[in-house]
Structures are given as structure tokens and as C-alpha cells.
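> What would the 3D arrangement of this be:
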Amino acid sequence: MAYAALISLTQTIRESLCEEADSLEHFLNQLDIGSSDRLIALDEQIREAVFEFEDALESHLSNHFIILSQSNQHCIRQHLHSFSQTINTVKEAYIHELHNPSEQQQQQQEEENNVVRSISDDCGRDESEMVGLSDLFTEIKDRVTKQSTTSISLVGMAGIGKTALAKKLFQDPSISSGYDKRAFVSVGPRYQRERVLLDILTQLNHHDFGDQQQVLVTMEGDERLQVLTTWVKQCLMDSNLFPWGCGGSLVCVTTRSEEVARHLHYKYVVRFLNKKESWELLRREVFDEMPCPAELEKAGMKIAEICEGLPLTIIKVAQILSEADKTAEYWNEVAADKRHSVFVDAYDQMYKVLYPSYDYLDQYLKPCFLYVGAFPQNYEIPTFKLINMWIAEGFPKPYWYEFSYNFAWECLRQLSHKNVVMVHKKSYCNAIKSCGLHSSFWHLCNKEARKNKFFCALNSLADCLAEEDPKSQRRLCVRNNVLFGIQDAYDSIASLLSVRSLLCTGPYHQYPVPICLSLRSLTILDAITIRCYEFPMEVVKLVHLRYLTLTYDKSLPASISELLNLQYLIVRRHLSIKNSIRNSYYLPVEIWDMQELKHLQVMGSDLPHPYCEDSLLPNLLTLLDVSPKSCINNVLERIPNLEKLGIRIESAPDNVEPPLLFLDRISQIHKPSTLKCVIINPKITSGIDVAPRAALSTLPSSLVKLTLSGCGFPWEEMSKISSLPNLKLLKLRCYAFRGPKWEIQEEEFEKLEFLLIEDTDLVNLTVLGDSLSRLQLLSIKHCYKLQKIPLKFGTYQTKIELVECNPLPQTFANELKDLRAEKYYFRHPLVLNVHSSWDI
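Numbering: from 1, shown residues only. Model prediction:
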């Protein structure tokens, strides 16, 4: 797409040429391309012009700096002049097309507005027997009929059954009998007030449309029921159409957007079907009221499970199965492969319903969304990895945020709230920890990415040898790492000189294959899933790299410092075998020359002493998996903006230095917000002397998150942590603290919101006074000796989690839950989650 291409261009051409790109980027952000064939063609024209200019410009670059010879300056001016002319011409055509829509474009807009109306027909099931929605229907019905509710919203992913549920509510006699006038209206992505008004008046049997406003005035005293399927919140602000607050009137809105839903009084989230409900829906759609043959039942359940709980997918798959042979052999074949043509055909049939969810994303969100599809199907993506890769790619570009990192998080939140990206895991404070795509959207994502030359995925040798598909692609996703070991596939990949990002997203491959590193324009190389026996020296020639991940067990070469544009360097080890302390690995001293580094994570290696007084890593924000050898004054004071530090301690047999004395050096960091200290395979034996009391005395007051594992401190030392004024998250794992009793004193942990205690010999936990007043989540795991937890916690607490613990704490937790319900009945009830394998 043009927008994503412009982002790449802005990263490439630096300040001297940014003005033209920024102007065009601003222009594209204002556009609503929609599905007009002409506008799409103009978008492609901009994209190709950008690609051509970027390629031409890079031919004059060396290490990302323009070679300013006289001939090069002349060529660059020519390229820039030609590029500006092309872009200005296309801009004019864009503007003309927007202000003078063709008849075809008007017809396409009308079709878009009718897509939502047709969704309920696609549902194909009897609304009186909707699978999985009965409880929600009853809950909404009770609220509507028994309470004075003026507006409700049904929100969820496309195809999840919102419209079918709304139709059932609309047609239910106990609801409809309470309203004089009723209307069921669909509003497309472009709000057209006149069309919506005409639709309402037609359903209300008003035939004189001459004075529409006067008709609305005469309706003001009536009790109205309106069901609205909408994309945009602007229509909800139209008080003439929708009677907010009018006595006896009700508006029910179905939407895919949380932003739209939050403008209504009550929000109901339509959930996915579980496995049992999915099979019930599939069985009904295929066999109607007839029983399913016994030999098809097991395969049928698996097929329903592959549909991932989305009713529309289940219905489309069922329609295809209904027309095919109902044999055990065929159904087993379908059930064994989630990429079977049955599922692909079903996703293709859903395209019209799903596509608007993508098409009407804001321009800056589209590349972010497509990038999620670069990962394998059903892959749970760690959020920090996705965010880092977005930033390295150069999108999303912040407009109103000071930092790109914060804006990237906001973009992910928006994609989640628009129900196109699924959240798999959340933190205690509802931050997204991992995410992914439903397979139906993953299929759409890959289709659009390939069409827009955003990325091309290679799953097989046939994909590599395709004549057209990989050509001119800017990003390549290799989903089977073995392809690098096949000469024909390797040669095909090596010929794709336009590729800027090479993403090796296949399963981890422990055997070395030759990664294709002849692509000199690479800016992103994600090869963490491929093990390297020897360091691939061709990497250091990729001078445009901004993001590099590898799996490699030895020391990095000094020439890694030639990657002056590198922002993210992540190297993991295949083998976690600790050598003698005298043979510790250090990063090359030249690492201090890599001024653009933001994230450094080289497992098993340490930062060396700086080689000169001026050495500095001013942009480094995250330093992970280093040992205490990196925590020396001369190193830490030269990373002035470090925010996140992760220390990994692997004690060798000949290590005589007390492992935790380094903690008093952490104060050299200016304002760290996150500290993680993990001792791998700690020696946990009774009676050993633990770390000295002073070890925790100098932790920075700026810490917000602290994780400790294997440290063996006595609980008395906790006072050095509980006094930290900004601490919100504390995780204590694997005997981080030891002893049978922990007494939390009054007014300690004033801001702590999340506390995890895992794998310890703690017996009694006591809370005194007003300590832990802001705690929201208490998580206790694998504490088999724990007998008692306090019956007193702060009023903010919403959840207690007990995993594989002594049964006694559960009794206290239940009492706390009852006390909370009695004393703080006006707050959210306390949630108690208990998991014990002996109860299963």
C-alpha cells in the first residue's frame, strides 16, 4: 500500500528529502481510499513511484549516508524532481476523483452500505435457536423489558452473530409489543444521513418524504425501537434520528468498534463459541435435525474446532461440507489440515463481510494490521516483539505522541478495539501481553499483503518458484526454514533484490541452513528460529539493518559494529551450558560505536569496559540477559537513558564472588523503570548464608517493576523493596525470598498493584494496617507450605489467583471474598481463581 511504502521511504532518505515524503504521508493520512477501482489504482501508482524512488536513492547510499559527489548530487536531484512530478500528478488525480465520483464509485459505495444488511442472511440459521447466544439474549431481554434502558450495544468481531442476535431481539414479541414504531437500519462506513433517514421512514410507513425533518418532529412523542448496525459514531450523535434519553425509546446498536459501543449506556460483548457449541452449530447446519453418523462425529468435532468459534466460519464450512461427500475418509482429510481447501474456500466466501474491517482502518493502522499477518497462522505473538518490529520498520509514525513506542502501543490497542486483532493474554492492568489473528482475518491479511506488495509468504518450493508472486515484494516471510537448504529455493530468494525485510517465521530449526544474506537492502532480518553454528559474516555487509535476531552460541565478531544503523540486536543461545567464569563471553568493545542501539539482548555475553572516555550508548533503552559483570559503574553510567535491565546469573563451579553484591551498583542507572534479576538453577539448601542485608539498600526509587528469582533473601530484607515509592509490580519467583513468615508492615507498598509469590517456603503471610492499599491482583503459585493468607487487603483488589497451593489458603480467600462482597458491595466483586491438579 502507498502509506506503508511512504513510511519506508521516510526511513531511507533522511532529513534532506523528508519534506516531500512527509507532505505526501500527511496527504495519504487524510484519504479514505475505500474500494473505488480508480482510487485503488492511484494508490498503487503512488506505491510504485515510491518504490522506484527508494531503489534509485539507495543506489547512491553508503552506510545510509548519501555520497555527495557532483554526479551523485545531479542524479539525486533528477530522481527527486521526477518523483515530485509524479506525486503531484497523482495527488491532483486523487483530489479530482474524490470530488467527482464516477457512477461506478457511487454504486460501489451503495454496495458497501448493503454489506451489513446482508450479513444476517449469511448467518443462515434460525434465530429462534441461535447456538451459544441464548444466555446473552435472555440477559439483554430482561434488561430491556424490566428496566428503563434507552440504549444498548452489541460489539464483536465480524461474523460473530451480532446482527442475528439483534434481529431476534427486534422480532421478539415481548420486546416489540412495547413500542409504537420500529426500524432496523444499517449504516455503512460512510455515514449518509439522508439514506438512513429514508430507510427509517420507509419502515415506519411514511410516504411523504418531502419534509423529512417535519416527519421526525411528529414522531417525538412516540415510543420507538431502533436497531442500528453501524461503523461510525457520527450517526449516534444525530439526536434527531436517534432519541437518546427520550422516555420509552430504545436504540440497539451492533458494531465491530469498541469506540462506537462506548457511546451507549450498556455494552454487551458477543463472545466466540466454545468447542461444544461450535460442533452443535456445525452439526445443525450440515444435518439439520438428522443425527450425525457416528463415523463422522470425531472428525466433525475437529473441523468445528478449527473454525475457532466464529459462527460465520462454521456456517460457511458447513455449507461446503453439505455439498461434498459425507464420508469418513473425506472428513478426516479436512480435519487433519487447517489449510485444507474447505477452510480456504470458506474464508474466501467471508471476504466481503471481513474486508470492510480492514478497508476502513485509518491509514496509519493498515500496515500495522498487515504486519500481524506476517506471523504464522494461529501464532501467539509476544507484544514486545511486535512493537519492536513495527518501530524498526518505521511504522506507525507518531503524530501526537512524543515517543514512537507509546504510539505503537496505542495503535495495537486500537486494532484490538476495532476487533481485527485478538488479544490472547493481558497483564494485571489490562495491557496486551500477546496477540494474534483469527484464521479468517489471517487469511484476509495475507491476501491483501500479497496484493499490495506488502509481504509475500513462502510455505513451499512452489511458492519460491512462482513466476509473479514474490517479485517486487518488499518483505518476505519464510515459513519453512528448510527452504533455505534447497538450492532452487535459495536462488529464487536471492534474486529478490527489492526485499527490505526477511522474516524467518517457521518453526525453530536446530540444524544450520544457509540464510540468504545477499539481499543488500535488508533493514529487518528476523532469523531467531534458525540456528547458526558459525556467525554468518555476510550479515555485517547489510549496512541498512535496523533489526537483527539470530540464534548463535559463540562470541560476536568485532565487525558487528559496522552495522551503524542497527537499533535492535537480539542473539539467543541454542545451548544453555555455562562455561567457567574465566571463559565468560564479552561483546566486542566496538559495540560502543553502535550509537543507534535501542534494544540489546545477547544471551551469555556482557558489555565490555568502554575503550575511551567519550564512549556512550545514548539511545539504549533495554539491556537484557547480561551478567553482573555488566553492572559496573563504568558501564552503567554510560547508558544514560536505560529503562529496562535484565540480569541473568549462571553461577559456575569456580565462582567465588557472592552473586548479588552487584545490586548496590544499580543506582548508577539514572531512572530505570524495570529491573529483572534471575539466578539460573540456584543452590537451594537449608542453612546456607544468604546475601548481605545491604544488598537491597540502594535500589533506584524510580523502579516501577521488579522481578527477582533464586536470590534467597530473608523476608526481613523486604523492607528495602516495600519502601520504593513508585513500585507497582513485584514478582518473587523460585525462593527469591526465604523463610516461613512474611509480615508486611503498616503503610508499606503504597503503590503496589500486582504481587506474585511463586515457589517458596513461606508458611504465613500477614498484612498489617493500611499496607498494600492499592493492590489489585495477588497471585500465589506452587507455595505448598503456605497455610494462611490475610483476610485484609485494599479496596482496589479485584482478583486472587491460587495455583497448585496448599488447600488452606483457599479457605481464607473465600472468606475474604465474602467479606469484600459484604463491605464493598458497591465495587466490582472479588474474583477468585483456583487451580489444583488434584481437584481435576
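> Show me which helix runs longest in the chain.
As assigned by DSSP state H, the longest helix anywhere in the chain is helix 70-99.
> Who's the closest spatial neighbour of residue 415, skipping the chain neighbours?
Computed as CB to CB, 6 or more residues apart in numbering, the closest residue to residue 415 that is not its neighbour in sequence is residue 421, at 4.1 Å. For the C-beta atoms, the positions are set from N, CA and C on the backbone; glycine is no exception.
> tell me how far stretch 146-162 is from the chain's mean position?
For stretch 146-162, the separation from the chain centroid amounts to 25 Å (computed by CA atoms, centre = their mean, to the nearest Å).
> what's the neighbour count on the residue nearest to residue 415?
27 (other CB atoms under 10 Å).
> Wait, it touches residue 437, no?
Yes. The pair residue 421 / residue 437 is scored as a contact, 6.5 Å apart, by CB atoms under 8 Å.
> would you list every one of the strands in the stretch 551-700 of the chain?
Listed in chain order, the strands of the stretch 551-700 of the chain (DSSP state E, counting those that start in this stretch) span residues 568-572, 585-586, 599-602, 605-606, 622-626, 644-649, 674-679.
> I'd like the ones you listed as TSV, with distance to residue 44 appended.
Below are the strands of the stretch 551-700 of the chain laid out as TSV (distance: least, CB to CB, whole Å):
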stretch	distance to residue 44
strand 568-572	31
strand 585-586	49
strand 599-602	34
strand 605-606	45
strand 622-626	38
strand 644-649	41
strand 674-679	43
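> residues bridging contact with residue 421 and residue 437, i.e. touching both?
Residues touching both residue 421 and residue 437 by CB atoms under 8 Å, 6 or more residues apart in numbering: residue 372.
> in the protein, what secondary structure element scores lowest on mean pLDDT?
helix 212-218 (a mean of 43; mean pLDDT, DSSP states H and E).
> Run the chain-centre distance for stretch 280-289.
Distance of stretch 280-289 from the chain centroid (CA atoms, centre = their mean) equals 34 Å.
> Then stretch 500-513?
Average the C-alpha atoms of stretch 500-513, do the same for its chain, and the two points are 21 Å apart (CA atoms, centre = their mean).
> What's the end-to-end length of that stretch?
End-to-end distance for stretch 500-513, by CA to CA, to the nearest Å: 21 Å.
> Report the rounded mean pLDDT for it.
The average pLDDT within stretch 500-513 is 92.
> what's in contact with it?
Here stretch 500-513 has contacts from 8, 374-376, 379, 393, 455, 474-482, 484-485, 515-516, 519, 521-533, 544, 551, 574, using CB under 8 Å, 6+ apart.
> Tell me how far stretch 507-521 lies from the chain's centre.
26 Å.
> Distance across that stretch, terminal residue to terminal residue?
25 Å.
> Name the residues of stretch 521-530 that are buried.
By neighbour count on 16 or more other CB atoms under 10 Å, the buried set for stretch 521-530 is 521-530.
> Using TSV, please lay out these together with distance to residue 288 and secondary structure.
TSV is the format used below for the buried residues of stretch 521-530 (distance: CB to CB, whole Å; DSSP: H, G, I helix; E, B strand; the rest coil):
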residue	distance to residue 288	secondary structure
521	57	coil
522	55	coil
523	55	coil
524	51	strand
525	53	strand
526	48	strand
527	51	strand
528	49	strand
529	46	strand
530	50	strand
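> Those residues into TSV, with extra columns for distance to residue 446?
Below are those laid out as TSV (distance: CB to CB, whole Å):
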residue	distance to residue 446
521	23
522	21
523	21
524	18
525	21
526	17
527	21
528	21
529	19
530	22
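> Among these, which has the minimum pLDDT value?
residue 521 (89).
> if we can go back for a sec, mean pLDDT lowest where, among the strands of the stretch 551-700 of the chain?
strand 585-586 (a mean of 77).
> What residues does the closest residue to residue 772 other than its chain neighbours make contact with?
Nearest residue to residue 772 in three dimensions, chain neighbours excluded: residue 749, at 5.1 Å (CB to CB, 6+ apart). With contacts defined as CB under 8 Å, 6+ apart, residue 749 is in contact with 722, 727, 730, 755, 771-772, 775.
> Name the nearest of the residues you listed relative to residue 807.
residue 755 (20.9 Å; CB to CB).
> So the closest one: helix, strand or coil?
Residue 755 falls in the strand class when you classify it by DSSP: H, G, I helix; E, B strand; the rest coil.
> What pLDDT is listed against it?
95.
> which residues of the stretch 51-200 of the chain fall in strands?
Ranges of strands within the stretch 51-200 of the chain are 61-62, 65-66, 151-155, 181-186, based on DSSP E, counting those that start in this stretch.
> For residue 554, see how far away residue 276 is.
51 Å (CB to CB, to the nearest Å).
> Run through the strands of the stretch 401-550 of the chain in chain order.
For the stretch 401-550 of the chain, the strands defined by DSSP E, counting those that start in this stretch occupy 422-426, 432-436, 456-458, 475-478, 501-504, 524-532, 547-552.
> now these as JSON lines including distance to residue 135?
Below are those laid out as JSON lines (distance: least, CB to CB, whole Å):
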{"stretch": "strand 422-426", "distance to residue 135": "22"}
{"stretch": "strand 432-436", "distance to residue 135": "27"}
{"stretch": "strand 456-458", "distance to residue 135": "39"}
{"stretch": "strand 475-478", "distance to residue 135": "40"}
{"stretch": "strand 501-504", "distance to residue 135": "42"}
{"stretch": "strand 524-532", "distance to residue 135": "42"}
{"stretch": "strand 547-552", "distance to residue 135": "45"}
